[in-house]
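[1] Quick check, what structure comes out for this input:
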Amino acid sequence: MPSSPPTEAFPAHTPAASQVFVTVLCHGPLTRSDIGGRAGLSAAAVTKAVRPLIEAGYLVEDVGEEARPSLGRPANPVRVDGGRALFIGVKITGDEIIAVLTDLCCRIRVARHLPLTARDPGAVLTLASELVRELLAEADGFGAPVHGLGVAVSGDVDRAAGVVRYSPFLEWHDVPLAELLGMTTGLRVTVDNDVRALTVAEQWFGAGVGLSDFALVTVGAGIGCGLVVHGRVVSGAHGVAGEIGHVVIDPAGPPCHCGNRGCVEAIAADPAIVAAVRERTGVAVTDAAGALELAHRGDQGARDVYTRAGDAIGRAIGTVANLFGPERVIISGEGLAAYDLFAEQIRDAFAAAAFGTAAQCDLKTRPLPFDEWARGAAATAIQSFIRSEARH
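    Below is the predicted model:
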């Protein structure tokens, strides 16, 4: 490996210190007074937390003539030095591996893609390790250590154990991915479900910043949902909280790979849309791009398929709003390429399904490039480093 793995621990030794740093990371630059107000901490507690973080170089105090005056000392804003530490994020899909090198503020510095020629754990591990080696070499040029590796995989992932319990796209069962990658890369490794990882990135660095309760719904190869309740990403007792893709919308609908019929995923995920377009139109489209092109050309059968998909997604989002009462639902994923075809149906179905004041939930579309999934993985590594949750 080009860089020797770091052993440095993050200098936030109390929950209050971690809270202060995360507050500045998400909302900064902030004065100490602003930090205390947002974090609900006393001035003394903030000062105690900030001092070692500044000494270690993770926080920087901006001293300038424009600083607002306050009693006793200037109210200089404090910000995170994003270049103080680097992280690697890896997203494993059914056909490629995407890896990014980010700074401490989760800004992508370098991105790499490799096609996946085989899906067995050994082949994937080899390719992922190769990408990590490339990014570690790139990291040497930035003059900061890499403090963690985050990996995002679809399916049932046990983050605490670092194990992929089941990933349908990869056909994996009980793969100890964190342990394996830790041995091959020498880095602290965090493994999480891909939608939950993207939710962490949105909570700390994106459209969920400052929200106590929100949901992220992803549309594409599958239908996923990440939930933040009272400021915490919810996994559930068995790690599968938010699986709205398998909410049954039409009991007489098409069969789903989970064994049920008429799930949201069986109606609105890309493979289901492609199959339905072929059936309705007789045109041998082979992928989502082909189905989308046919609909954009005005084929009514194809457009009807997208209308039905939008209705299913909207009803599922209404269910989320009724059950959890989020302030906002962020809609993202590669399936948003078709948003113009089903946006109206999503909103109408949501309004019909949402009960009472749940309908006041803000729906926000957020198209994201595919590298953002790997950035989500990096966000989990940043989170683990700050909170000392990494396994390796």
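[2] Identify the residue nearest the geometric centre of this structure.
    By Cα atoms, centre = their mean, the mean C-alpha position of the chain lies nearest to L198, the distance being 0.5 Å.
[3] Which residue, other than its chain neighbours, is closest to it?
    Leaving aside its sequence neighbours, L198 sits nearest to G376 (Cβ to Cβ, 6 or more residues apart in numbering; 3.8 Å). To be clear about C-beta, it is placed using only N, CA and C from the backbone, and glycine gets the same treatment.
[4] which residues in the stretch 1-150 of the chain form helices?
    Along the stretch 1-150 of the chain, the stretches classed as helices by DSSP state H, counting those that start in this stretch are 15-27, 32-39, 43-55, 121-140.
[5] which of the ones you listed sits most buried?
    Across the helices of the stretch 1-150 of the chain, averaging neighbours per residue (mean count of other Cβ atoms under 10 Å) puts helix 15-27 on top, at a mean of 20.
[6] Could you save the helices of the stretch 1-150 of the chain as JSON lines and add columns showing distance to V264?
    What follows is the helices of the stretch 1-150 of the chain, written out as JSON lines (distance: least, Cβ to Cβ, whole Å):
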{"stretch": "helix 15-27", "distance to V264": "31"}
{"stretch": "helix 32-39", "distance to V264": "36"}
{"stretch": "helix 43-55", "distance to V264": "43"}
{"stretch": "helix 121-140", "distance to V264": "28"}
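[7] I'd like these written out as a markdown table, with mean pLDDT added.
    Below are these laid out as a markdown table (pLDDT from 0 to 100):
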| stretch | mean pLDDT |
| --- | --- |
| helix 15-27 | 93 |
| helix 32-39 | 93 |
| helix 43-55 | 93 |
| helix 121-140 | 96 |
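[8] List the buried residues of stretch 340-355.
    Across stretch 340-355, burial judged by 16 or more other Cβ atoms under 10 Å covers 341-343, 345-346, 349-350, 353-354.
[9] chain center to the helix ranked longest in the chain: distance?
    For the chain, the helix with the greatest residue count under DSSP state H is helix 300-324. Helix 300-324 sits 22 Å away from the centroid of its parent chain (Cα atoms, centre = their mean, to the nearest Å).
[10] Mind giving me the packing neighbours of it?
    strand 214-219, strand 223-229, helix 264-268, helix 270-281, helix 288-296, strand 328-332, helix 339-353 (3 or more Cβ pairs under 8 Å, 6 or more residues apart in numbering; DSSP states H and E).
[11] nearest to A111, of the ones you listed?
    Counting by Cβ to Cβ, A111 lies closest to strand 328-332 out of these; the figure is 17.9 Å.
[12] still on that earlier bit, just so I know, which of the helices and strands packed on helix 300-324 lies nearest L116?
    So among the helices and strands packed on helix 300-324, helix 270-281 is nearest, using Cβ to Cβ, at 17.4 Å.
[13] tell me which strands and helices the closest one is in contact with?
    helix 264-268, helix 288-296, helix 300-324.
[14] Please spell out which residues along that helix are buried.
    For helix 270-281, burial by neighbour count (16+ other Cβ under 10 Å) applies to 270, 272-278, 280-281.
[15] for stretch 84-104, same thing?
    84-93, 97-104.
[16] Span of it from start to end?
    One end of stretch 84-104 to the other measures 7 Å (Cα to Cα, to the nearest Å).
[17] swap in stretch 169-185?
    Length of stretch 169-185, first residue to last, Cα to Cα: 24 Å.
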